[in-house]
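Novice: this one's sequence-less:
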């Protein structure tokens, strides 16, 4: 059915091929090869929705769209900034590295609208990390290890202003002859744009910085003091930074903060773009990108004897627009819960329904499977934990993590059904029957022996030379990262310091900026339960976190049920019936769980340059749903939320 639909299209560009970060390197490589031999670069992926802004900003400023710090750097650094990230819920393995960094004396500055519990304190629950087994129960009964040394309660989308304030303090220190950690030698040798950045920072008033960041000059001074004392600094960030309309500028400002101190290409220093799924970075490395660079296409065409399409394809938002317009007829997804992750749920659902065929290769059912085109398929496949046995024997796959490490991944459980195929085998067979005489690629050979795919990867993608041999001898390896060696593959050959304006929101008195978040019982869009114990929420998800002062100004009370309305270019979107939870969130900011709030995110509200949905900067107003209706929260839970011990200064 899929092959028939693909072959009946008027143009290959009427098809698109989506992946989530669950897709490992080998099937990702085959998927992009299949799409390009078919004749299209329509390869949207989850990166378009999470770290596209990071990739654009880092490519422009550093010449590489990946972070530069390694695990070894994380555990030997002196200072870590964490922007817009809640590692305890979203990246729990990161806590181990943060704890090791603290053990070595590192300081941590948490920059986030909410004082997340896991940024403040952690207890390691992993028995294998304790030399003495008796240490584990003692640790579990204790208060845990302090993480953040300073918490900056920045307003939603106040990061540019906050970083500009830190830089302003550092430049003032340097001008006065005090220790500032401004590395003039590095700036002179390896960067461009410093004079413009300096002038821009000096032109910004402290009044503007404080108003737009929500932070006091004293708080920013405390952060600058810690920066000035550090010889090795790392900045880590996640979607709280990127899912803004100025997401590219947000990341560029973080890069500015690193570059002015020379914290690039130095042991214990660098950038950490914190990603969620196990292979979201690897998919892009394998060529899952609607805007592939010419050297990649040239190498791919040479290896497989065809002319890859040169026209750029659709990213995720462009795909939805094309579906809605009737220009995409066939949608094929390899894993992922597409509809629950994209913005503007109603619009996106109607767009999906205008396809002729929607097909998913999935390990389990999800809500996206309920909204279909005229015809629909769900092709169940092996999970990563299941044994994958093909004609040449047991197979393994590989992934790339946020640090650029290539690791093998091999299942060990008996498959749920003897009839299940791997996602890779499904793809290879689909390509074989679709392309027929139009391809000379040995697709069925790839399905029989994954080593053959890795051999092909080693000839197409730099850094993967002798792929199979290296895995056999080294078990894992780092991909090359030029910026880590202070080689910046930008247009000028230098790292670029960037002037970024402070965004102005000009909120009306009744308006707030909403950021979307996950609960602790949630992984990406998959919801496992209704509790969020770290934030004191139980048995429900339709809640809105508000600062008590904002509640008082609007005459709202804890537990009151309200309807949320988002405002964008004259359009109004509604998400009904959310219960108010008082929380120590920054003023004029609000937070609620996704995907329930995706309906409020306008499809056209995207980041400049990256086209990434701005899911964490939504202008909203509130209307009581029923003035007499409310949920009852215990006073103990409310006080615990409001009175958390956090390391802050006035």
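Specialist: Perfect, I can see it now. Note that the structure is a prediction, hence the values are computed from the model and not measured. Numbering: from 1, shown residues only.
Novice: by mean pLDDT, point me to the weakest helix or strand of the protein.
Specialist: helix 135-141 (a mean of 73; mean pLDDT, DSSP states H and E).
Novice: ok now whatever helix or strand comes next after that one, how far from the chain's centre?
Specialist: Using DSSP states H and E, the helix or strand that follows helix 135-141 in sequence is strand 145-146. Strand 145-146 sits 26 Å away from the centroid of its parent chain (C-alpha atoms, centre = their mean, to the nearest Å).
Novice: so what strands line up beside strand 145-146?
Specialist: Here strand 145-146 has these sheet partners by DSSP bridges: strand 121-122 (antiparallel).
Novice: flag every buried residue along the least confident helix or strand of the chain.
Specialist: Applying a neighbour-count criterion of 16 or more other C-beta atoms under 10 Å, one finds 136, 139 buried in helix 135-141. C-beta: built from backbone N, CA, C; applies to glycine.
Novice: ok, now stretch 545-556?
Specialist: For stretch 545-556, a neighbour-count test (16+ other C-beta under 10 Å) marks 545-548, 550-551, 554, 556 as buried.
Novice: make JSON lines out of those residues and add pLDDT and secondary structure.
Specialist: Output for the buried residues of stretch 545-556, formatted as JSON lines (pLDDT from 0 to 100; DSSP: H, G, I helix; E, B strand; the rest coil):
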{"residue": "545", "pLDDT": "97", "secondary structure": "strand"}
{"residue": "546", "pLDDT": "97", "secondary structure": "strand"}
{"residue": "547", "pLDDT": "96", "secondary structure": "coil"}
{"residue": "548", "pLDDT": "96", "secondary structure": "helix"}
{"residue": "550", "pLDDT": "97", "secondary structure": "helix"}
{"residue": "551", "pLDDT": "96", "secondary structure": "helix"}
{"residue": "554", "pLDDT": "95", "secondary structure": "coil"}
{"residue": "556", "pLDDT": "94", "secondary structure": "coil"}
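Novice: now those as JSON lines including distance to residue 10?
Specialist: Shown next, in JSON lines, are these (distance: C-beta to C-beta, whole Å):
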{"residue": "545", "distance to residue 10": "49"}
{"residue": "546", "distance to residue 10": "51"}
{"residue": "547", "distance to residue 10": "54"}
{"residue": "548", "distance to residue 10": "58"}
{"residue": "550", "distance to residue 10": "53"}
{"residue": "551", "distance to residue 10": "56"}
{"residue": "554", "distance to residue 10": "54"}
{"residue": "556", "distance to residue 10": "54"}
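Novice: and the residue lying closest to residue 40 once chain neighbours are set aside, what does it touch?
Specialist: Among residues not flanking residue 40 along the chain, residue 12 sits closest, at 4.2 Å (C-beta to C-beta, 6 or more residues apart in numbering). The neighbours of residue 12, taking C-beta atoms under 8 Å, 6 or more residues apart in numbering as the test, are 6, 38-40, 309.
Novice: out of these, which are inside helices?
Specialist: 6, 38 (DSSP state H).
Novice: so which of the contacts of residue 12 is the closest to residue 589?
Specialist: residue 40 (41.0 Å; C-beta to C-beta).
Novice: low-confidence ranges in the stretch 251-400 of the chain?
Specialist: In the predicted model, the stretch 251-400 of the chain carries pLDDT under 70 at residues 277.
Novice: okay, strands next: where are they in it?
Specialist: All strands of the stretch 251-400 of the chain, identified by DSSP state E, counting those that start in this stretch, fall at 270-273, 330-334, 357-362, 375-380, 389-390, 393-394, 397-400.
Novice: which of the ones you listed sits most buried?
Specialist: strand 270-273 (a mean of 27; mean count of other C-beta atoms under 10 Å).
Novice: could you list the paired strands of it along with their orientation?
Specialist: strand 233-237 (parallel).
Novice: any idea which helix or strand comes after the strand it pairs with?
Specialist: helix 239-242.
Novice: other SSEs contacting that following helix?
Specialist: Applying 3 or more C-beta pairs under 8 Å, 6 or more residues apart in numbering; DSSP states H and E, one finds that helix 239-242 contacts helix 52-62, helix 247-259.
Novice: doesn't residue 566 fall inside a strand?
Specialist: Yes: Residue 566: assigned to a strand according to DSSP: H, G, I helix; E, B strand; the rest coil.
Novice: coming back round to it: what's the closest of the helices and strands packed on helix 239-242 to residue 362?
Specialist: Going by C-beta to C-beta, the one of the helices and strands packed on helix 239-242 nearest residue 362 is helix 52-62, 23.7 Å.
Novice: neighbouring strands of whichever strand in the chain runs longest in the sheet, and parallel or not?
Specialist: Ranked by residue count and defined by DSSP state E, the top strand of the chain is strand 571-582. Applying DSSP bridges, strand 571-582 is found paired with strand 543-546 (parallel), strand 561-568 (antiparallel).
Novice: tell me which of those strands is the most buried.
Specialist: Among the strands paired with strand 571-582, highest average neighbours (mean count of other C-beta under 10 Å) belong to strand 543-546, with a mean of 24.
Novice: what comes into contact with that one?
Specialist: 114, 512, 535, 537, 556, 562, 564, 578-583, 585, 590-593, 622.
Novice: make it 6 Å
Specialist: The contact list for strand 543-546, computed with C-beta atoms under 6 Å, 6 or more residues apart in numbering, reads 537, 578-581, 583, 585, 590-592.
Novice: got it, and stretch 95-102?
Specialist: 74-75, 77, 87, 122, 145, 147.
Novice: quick one on the thing from earlier: let me have the contacts of strand 543-546 in TSV, adding neighbour count, pLDDT and distance to residue 357 as columns.
Specialist: Output for the contacts of strand 543-546, formatted as TSV (neighbours: other C-beta atoms under 10 Å; pLDDT from 0 to 100; distance: C-beta to C-beta, whole Å):
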residue	neighbour count	pLDDT	distance to residue 357
537	23	88	40
578	24	96	36
579	21	95	40
580	25	96	43
581	25	95	43
583	25	94	44
585	25	95	44
590	26	98	39
591	24	98	38
592	23	97	34
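Novice: return the member of those nearest to residue 206.
Specialist: For those, the nearest to residue 206 is residue 585 (23.5 Å; C-beta to C-beta).
Novice: residue ranges for the strands of the stretch 51-200 of the chain, please.
Specialist: Going by DSSP E, counting those that start in this stretch, the stretch 51-200 of the chain shows strands at 79-83, 107-111, 121-122, 145-146, 150-152, 191-192.
Novice: out of those strands, nearest to residue 614?
Specialist: So among the strands of the stretch 51-200 of the chain, strand 79-83 is nearest, using C-beta to C-beta, at 16.4 Å.
Novice: element containing the closest residue to residue 433 other than its chain neighbours?
Specialist: Among residues not flanking residue 433 along the chain, residue 3 sits closest, at 4.7 Å (C-beta to C-beta, 6+ apart). Residue 3 belongs to helix 2-7 when assigned by DSSP H and E.
Novice: for residue 609, give me its contacts.
Specialist: 56, 248.
Novice: farthest pair in the buried residues of stretch 545-556?
Specialist: Top of the distance list for the buried residues of stretch 545-556 (C-beta to C-beta): 545 and 554, 14.1 Å.
Novice: how many residues are close by the closest residue to residue 346 other than its chain neighbours?
Specialist: Distances taken as C-beta to C-beta, 6+ apart place residue 599 nearest to residue 346, at 6.2 Å, with adjacent residues excluded. Residue 599 has 20 neighbours, counted by other C-beta atoms under 10 Å.
Novice: can you check residue 309 too?
Specialist: 19.
Novice: before we move on, the earlier item: can I get the helices and strands packed on helix 239-242 in CSV including distance to residue 402 and mean neighbour count?
Specialist: Shown next, in CSV, are the helices and strands packed on helix 239-242 (distance: least, C-beta to C-beta, whole Å; neighbours: other C-beta atoms under 10 Å):
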stretch, distance to residue 402, mean neighbour count
helix 52-62, 10, 25
helix 247-259, 14, 27
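Novice: for the ones you listed, which one sits closest to residue 135?
Specialist: Taking those one by one with C-beta to C-beta, helix 247-259 is closest: 35.9 Å.
Novice: hmm, back to that, could the helices and strands packed on helix 239-242 go into a markdown table alongside distance to residue 206?
Specialist: As requested, the helices and strands packed on helix 239-242 are exported to a markdown table (distance: least, C-beta to C-beta, whole Å):
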| stretch | distance to residue 206 |
| --- | --- |
| helix 52-62 | 26 |
| helix 247-259 | 17 |
